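A.B. asks: Quick one, what's the 3D model for this:
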Amino acid sequence: MLETEARPITVAIERRIDPSRSVEATSWMQAGTDLAAHFDGFLGSGWVRTGERSDLWYLLYRFRDLDTLEAWERSDQRGWWLDSGRVFAQEVRIERRTGIEGWFDAPFAATVESLSAAEVDGARTATAAAVESILAAPPPWKQAVAIWLGFFPVNLVGTALLLMVPTFADWPLALRVCVSTLIFTPIMVFWVLPWVTKTLRPWLLRTPHTRRR
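C.D. replies: Below is the predicted model:
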């Protein structure tokens with residue numbers, strides 16, 4: 001029997017940092033990523049600022065699966081680290097990439113460098129682009145194509161096999177749909193869709209900017 005492949009989980013945290021404490025915050029953010037790197041299942045992390053004078057900072061990290069992510073989030077080390085920054089850092093938003101969007105996450109194996117030299121407009125633009133490239137999923141139409149490419153053969157083959165079951169064609173429509181979806185959904189979620197998105201990843205993550213380059 002095929003084993004279920006755990007999907008990596010990417011977490012994005014938006015914080016407001018007291019601009020007068022930016023030097024301390026820089027060391028604090030880096031300390032957090034260094035701590036996470038020593039935990040099992042860690043796949044990468046980094047942080048960026050939206051601009052030199054902005055109080056919005058973004059921390060991102062990825063773990064192998066939910067268990068390793070929660071081990072880090074429940075750890076005493078992380079608790080100590082969070083407490084040490086409460087005097088100048090306030091969490092605004094936390095986003096986990098799970099469910100359907102998690103299938104379309106960009107790779108996050110590399111660390112995102114802090115663009116502390118964003119004193120010019122070009123550097124600030126690069127900072128914003130770094131955050132956008134990590135958080136953005138492919139456009140909905142690409143996601144729909146990927147899902148259809150997985151669902152069509154599963155539905156076609158599965159329906160053909162079910163029709164070989166004696167009297168299946170005579171079952172009430174609602175019952176046939178219920179049985180087929182109960183069978184096809186786990187196949188799609190655990191095996192087919194992860195394989196399709198992995199295969200199509202270069203196309204899914206290609207942007208107009210990438211093509212021009």
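
A.B. asks: When you work out contacts or count neighbours from here on, use the C-alpha atoms and nothing else.
C.D. replies: OK.

A.B. asks: Quick check on the closest residue to residue 79 other than its chain neighbours: phi, psi?
C.D. replies: Distances taken as Cα to Cα, 6 or more residues apart in numbering put residue 73 closest to residue 79, at 7.9 Å, once the chain neighbours are dropped. Phi and psi for residue 73, reported as degrees, to the nearest 10, are phi -70, psi -20.

A.B. asks: what's the answer for the one 5 residues further on, then?
C.D. replies: Main-chain dihedrals, residue 78, degrees, to the nearest 10: phi -70, psi -40.

A.B. asks: give the contact list for it.
C.D. replies: Taking Cα atoms under 8 Å, 6 or more residues apart in numbering, we find residue 78 in contact with 32, 35-36, 72.

A.B. asks: Buried subset of those residues as a ChimeraX selection?
C.D. replies: The following ChimeraX selection, which keeps only the buried ones among those, applies the criterion 16 or more other Cα atoms under 10 Å:
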select :32,36,72
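
A.B. asks: Put together CSV for the contacts of residue 78, with secondary structure, distance to residue 182 and pLDDT on each row.
C.D. replies: Formatted as CSV, those follow (DSSP: H, G, I helix; E, B strand; the rest coil; distance: Cα to Cα, whole Å; pLDDT from 0 to 100):
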residue, secondary structure, distance to residue 182, pLDDT
32, helix, 42, 90
35, helix, 42, 92
36, helix, 38, 92
72, helix, 34, 93
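
A.B. asks: and residue 46, helix, strand or coil?
C.D. replies: Per DSSP: H, G, I helix; E, B strand; the rest coil, the secondary structure class of residue 46 is strand.

A.B. asks: my guess is it contacts residue 61, does it?
C.D. replies: Yes - using Cα atoms under 8 Å, residue 46 makes contact with residue 61 at a distance of 6.5 Å.

A.B. asks: Give me the buried positions along the longest helix seen in the chain.
C.D. replies: Taking DSSP state H as the assignment, the helix of the chain that covers the most residues is helix 140-162. Buried residues in helix 140-162, counting neighbours by 16+ other Cα under 10 Å, are found at 142-143, 146-147, 150-151, 154-155.

A.B. asks: that older thread, now list whatever residues contact both of residue 46 and residue 61.
C.D. replies: Taking Cα under 8 Å, 6+ apart as the criterion, residue 46 and residue 61 both touch residue 33.
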